[in-house]
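Sequence and predicted structure, then a few things I'm wondering about:
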Amino acid sequence: QIEHHLYPRLPRHNLRKARELVRAVCAKHGIPYHEPGFFEANALTISALRDAALEARKAKRDPGHGFYTSALWEAMNAIG
């Protein structure tokens, strides 16, 4: 549910109304609105965490500074 990220101070009881407004804007602009159910959302979260863990295994420790490096580290430090 993206609405609580778009409107973090919106009271919880108004999120359903916000969902309808966001869905309408998405439809108007041809943006896909994905709304998984409870089990699918949990499966997606576990899958994303697994993918992140597998990617983290590829990180190597840089002998120069001792921190682990990765594509994200390189991108944040404008390397390459």
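Thanks, I have the structure now. Numbers count the residues shown, from 1 in each chain.

Could you tell me how many residues sit around residue 13?
Neighbour count of residue 13, defined by other C-beta atoms under 10 Å: 7. Every C-beta, even on glycine, is put in place using the N, C-alpha and C of the backbone.

Model confidence for it, exactly?
Looking at residue 13, its pLDDT is 95.

what residues are up against residue 31?
Neighbouring residues of residue 31 by C-beta atoms under 8 Å, 6 or more residues apart in numbering: residue 25.

repeat that with 10 Å
By C-beta atoms under 10 Å, 6 or more residues apart in numbering, the residues touching residue 31 are 22, 23, 25.

which SS class is it?
Classification of residue 31 using DSSP: H, G, I helix; E, B strand; the rest coil returns coil.

what's the distance between residue 31 and residue 20?
15 Å (C-beta to C-beta, to the nearest Å).

ditto for residue 33
11 Å.

Just the CA coordinates for the longest helix that the chain contains, please, in CSV.
Ranked by residue count, the top helix of the chain under DSSP state H comes out as helix 38-56. The C-alpha coordinates for helix 38-56 follow below in CSV (Å, rounded to 0.1, in the frame of the first residue of the first chain):
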residue,chain,number,x,y,z
PHE,A,38,-1.6,-10.5,2.5
PHE,A,39,0.1,-13.7,1.5
GLU,A,40,1.4,-12.4,-1.9
ALA,A,41,2.8,-9.3,-0.2
ASN,A,42,4.6,-11.4,2.4
ALA,A,43,5.9,-13.7,-0.4
LEU,A,44,7.2,-10.7,-2.3
THR,A,45,8.8,-9.3,0.8
ILE,A,46,10.6,-12.5,1.6
SER,A,47,11.7,-12.9,-2.0
ALA,A,48,13.1,-9.3,-2.0
LEU,A,49,15.0,-9.9,1.2
ARG,A,50,16.4,-13.2,-0.1
ASP,A,51,17.6,-11.4,-3.3
ALA,A,52,19.2,-8.7,-1.2
ALA,A,53,21.0,-11.3,1.0
LEU,A,54,22.3,-13.2,-2.1
GLU,A,55,23.5,-9.9,-3.6
ALA,A,56,25.2,-9.0,-0.3
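
Before I go, just wanted to say thanks for your time.
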